[in-house]
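Peer 1: Here you go, sequence then predicted model.
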Amino acid sequence: MRRFFILIISFAAVLADGEARELTLTLDDAISMARRHSVDAAVALDELRTAYWQWRAYRAERLPEIVLSATAPAYVNQYSSYMDAEGDYSFVRSRYLDAQGQLSITQNIPLTGGQVSLVSSLDFLHQYGADASDRYMTIPVALTLNQPIFAVNNLKWDSRIEPVRYAEAQAAFLSATEDVACSAISYYFTLILNQENLKIASQNLENAEKLYAVAVEKRRMGQISENDLLQMELNMLEAQAELTDCESGVKSAMFSLRSFLALDDDVEILTVIPEAVPEVDITYADALERALANNKFARNMRRRQLEADYEVAKAKGDLRRIDLFAQIGYTGTDSRFDDAYSRLRGNQRIEIGFSIPLVDWGKRRGKVKVAESNSRVTESRLRQEKMDFSQDLFVLVERFGNQRRQLGLATKSNEIAARRYDTNVQTYLIGRISTLDLNDSQNKKDESLRRYIDELYKYWSYWYQLRSLTLYDYENGSDITADIAKLINE
């Protein structure tokens, strides 16, 4: 974090200077900026926030809910049909003012899946006309229970699924930050390679011009043939064309990195080839253990299996349905407000309703069989996905282990090729080797440098892929974590 702020301050100083637009970025700086400013990082954070508020909504289902509802007032002036004691219909006029208010406290019961409520309400009715009057009806307190008997307990299943879902979202966010680092590495090394190609092309053009000038003199003195002179001129022209291509490559790669890091278009990024790399030994067994403990994959498997089991339980619960409704309390009614609360009477209501299909031609039983079959399919797929995950992790660990040796070989090859080319240039100037030998050493030098950069890129890419899968920092020996609450509230 300290390095990031230093980088921002230096970047601001660069912007304040109208002439200096160069920004030197190390690989660590680019990764830090990508984690802060890239679109991928913003998407990962928004997905984490979505999961967090879903988790908060799940937690809120376990807490009491207080609701105030009211109709204040409702005025009615209309005609409606009326049937008298003889069975004759007529139309009568209704004209009244009605006002209602209710305060309720509701608590879900996770153990049973039911719901208990404490309610207090007040109704007021004013009748207009010759016999105008006021009426009040009160329910000072009423306790209500709604309880399904055989239906699936959604609250219990939510308590199993939602914590796993939120843990999966947190792990997914941490993995996404490491994936952002992988993307930053790709963009960064693409720019490194193009900038190094530009340096190579510039140096090759400079050498080609010098060698062509020497060849002209040698030809004038008769020391080389016309064919050798033409070959040196052709080399110079090819070097000029290569330089133009490399300049275009640098511009394209720099534009991509600037866009990924959300930098201004007029900033010139200067890359630095990272020399030091993490040197740690990672075993497959250790990586697999940490991946299954930390990675979103393990939580994803657990969540999907729980969701499949939930669908089976829900289908079985729909085979029959019995609901219990009970209410006890007090009520009062009077033309005076005070008397409506003082003259209370009992207010009880108990209902038991049921729905049992007698003939449904196997529809509900078929839904149970479908859910059970889907659960078995999910289980089989999860076993296969776990095998694939383990195999991919094994391959990645093996590649990382081999990459350190490949990087060492590429480093040594690059050094030897550079020394060989410098030696051959001097040898050519004194006429000891041919043009073909010089061109061959130049190509070997360029290819060795490009291979070294490519092997370095692969090493860093494998390193952050392992961090993403295991969510473990092998260099510091600790799990990769983040202050989730702070990130969500930013």
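Peer 2: On my side now, so go ahead. Predicted model only: the values in this text are computed from it and were never measured.
Peer 1: hey, where'd the strands end up in the chain?
Peer 2: 22-25, 65-83, 89-109, 114-127, 133-148, 268-271, 321-334, 344-346, 349-355, 472-473, 478-479 (DSSP state E).
Peer 1: mind listing what T283 touches?
Peer 2: V397 (CB atoms under 8 Å, 6 or more residues apart in numbering). No exception for glycine: its C-beta is placed from N, CA and C like everyone else's.
Peer 1: Give me whichever of the strands of the chain is most buried.
Peer 2: Burial of the strands of the chain is given as mean neighbour count (mean count of other CB atoms under 10 Å); strand 472-473 ranks first at a mean of 18.
Peer 1: ok, that one: who's next to it in the sheet?
Peer 2: Strand 472-473 has the following strand partners under DSSP bridges: strand 478-479 (antiparallel).
Peer 1: Grab the nearest non-local neighbour of D245.
Peer 2: Nearest residue to D245, sequence neighbours excluded (CB to CB, 6 or more residues apart in numbering): A201, at 7.8 Å.
Peer 1: okay, that neighbour: pLDDT?
Peer 2: pLDDT for A201: 88.
Peer 1: Tally up the residues packed near it, please.
Peer 2: Using other CB atoms under 10 Å, A201 has 21 neighbouring residues.
Peer 1: what sits against it?
Peer 2: 239, 242-243, 245-246.
Peer 1: ok, now with 10 Å
Peer 2: A201 sits next to 239-247, 249, 446 when contact means CB atoms under 10 Å, 6 or more residues apart in numbering.
Peer 1: Same question for A184.
Peer 2: 25, 27-35, 38, 40-41, 257, 260-261, 460, 464.
Peer 1: Among those residues, name the buried ones.
Peer 2: For the contacts of A184, burial is judged from neighbour counts taken by 16 or more other CB atoms under 10 Å, and it is met by 25, 27, 29-35, 38, 40-41, 257, 260-261, 460, 464.
Peer 1: Mark which of these are part of helices, please.
Peer 2: Among the buried ones among the contacts of A184, the members falling in helices (DSSP state H) are 27, 29-35, 40-41, 257, 260-261, 460, 464.
Peer 1: For D338, state which of those residues is nearest.
Peer 2: Distances from D338 to these, taken as CB to CB, are shortest for A41 (64.2 Å).
Peer 1: Test my guess that that closest one contacts L174.
Peer 2: No - in this structure, A41 is not within contact of L174 by CB atoms under 10 Å, at 12.0 Å.
Peer 1: Could I get the contacting residues of the closest residue to Q115 other than its chain neighbours?
Peer 2: Of all residues not flanking Q115 in the chain, N146 sits nearest, at 4.7 Å (CB to CB, 6+ apart). By CB under 10 Å, 6+ apart, the contact set of N146 is 106, 109, 113-117, 323-327, 351.
Peer 1: Now pLDDT too, for those, in a markdown table please.
Peer 2: Formatted as a markdown table, those follow (pLDDT from 0 to 100):
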| residue | pLDDT |
| --- | --- |
| T106 | 93 |
| I109 | 91 |
| G113 | 89 |
| G114 | 91 |
| Q115 | 92 |
| V116 | 93 |
| S117 | 92 |
| D323 | 86 |
| L324 | 88 |
| F325 | 88 |
| A326 | 89 |
| Q327 | 87 |
| E351 | 74 |
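Peer 1: Just put those in a markdown table and tack on distance to H126.
Peer 2: Below are the contacts of N146 laid out as a markdown table (distance: CB to CB, whole Å):
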| residue | distance to H126 |
| --- | --- |
| T106 | 30 |
| I109 | 40 |
| G113 | 42 |
| G114 | 38 |
| Q115 | 34 |
| V116 | 34 |
| S117 | 29 |
| D323 | 37 |
| L324 | 37 |
| F325 | 32 |
| A326 | 33 |
| Q327 | 27 |
| E351 | 32 |
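Peer 1: my guess is L230 meets V216, correct?
Peer 2: No - when contacts are counted by CB under 10 Å, L230 is not listed as touching V216 (11.2 Å).
Peer 1: Tell me which stretches of the stretch 201-350 of the chain form helices.
Peer 2: 226-261, 284-294, 296-317, 337-342 (DSSP state H, counting those that start in this stretch).
Peer 1: closest to L125 out of these?
Peer 2: Closest approach to L125 among the helices of the stretch 201-350 of the chain is made by helix 337-342 (11.3 Å; CB to CB).
Peer 1: buried residues in stretch 477-485?
Peer 2: 480, 484.
Peer 1: what's next to it, contact-wise?
Peer 2: Under CB under 10 Å, 6+ apart, the answer for stretch 477-485 is 48-49, 51-52, 166, 169-171, 173-175, 177-178, 280, 290, 293-294, 467-468, 470-473, 489-490.
Peer 1: looking at the strands of the chain, which one has the lowest mean pLDDT?
Peer 2: strand 349-355 (a mean of 73).
Peer 1: How far does it sit from its chain's centre?
Peer 2: For strand 349-355, the gap between its own C-alpha mean and the chain's C-alpha mean amounts to 46 Å (CA atoms, centre = their mean, to the nearest Å).
Peer 1: Tell me the strands beside it, with direction?
Peer 2: Assessed with DSSP bridges, strand 349-355 is paired to strand 321-334 (antiparallel).
Peer 1: what angle separates the partner strand from strand 133-148?
Peer 2: If you take axes from the mean of the first three to the mean of the last three CA atoms, to 10 degrees, strand 321-334 sits at 160 degrees to strand 133-148.
Peer 1: then strand 321-334 to CSV, C-alphas only?
Peer 2: The C-alpha trace of strand 321-334 is given here as CSV (Å, rounded to 0.1, in the frame of the first residue of the first chain):
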residue,chain,number,x,y,z
ARG,A,321,-49.6,-29.7,2.7
ILE,A,322,-51.1,-29.0,6.1
ASP,A,323,-51.0,-25.5,7.6
LEU,A,324,-51.8,-24.4,11.1
PHE,A,325,-53.1,-20.9,11.9
ALA,A,326,-53.8,-19.8,15.4
GLN,A,327,-54.5,-16.4,16.9
ILE,A,328,-55.3,-15.4,20.5
GLY,A,329,-55.8,-12.0,21.9
TYR,A,330,-58.3,-9.4,22.9
THR,A,331,-60.6,-7.1,21.0
GLY,A,332,-63.0,-4.2,21.9
THR,A,333,-65.5,-2.1,20.0
ASP,A,334,-67.5,0.9,21.1
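Peer 1: ok now it, how far from the chain's centre?
Peer 2: Taking mean C-alpha positions (CA atoms, centre = their mean), strand 321-334 and its chain are 48 Å apart.
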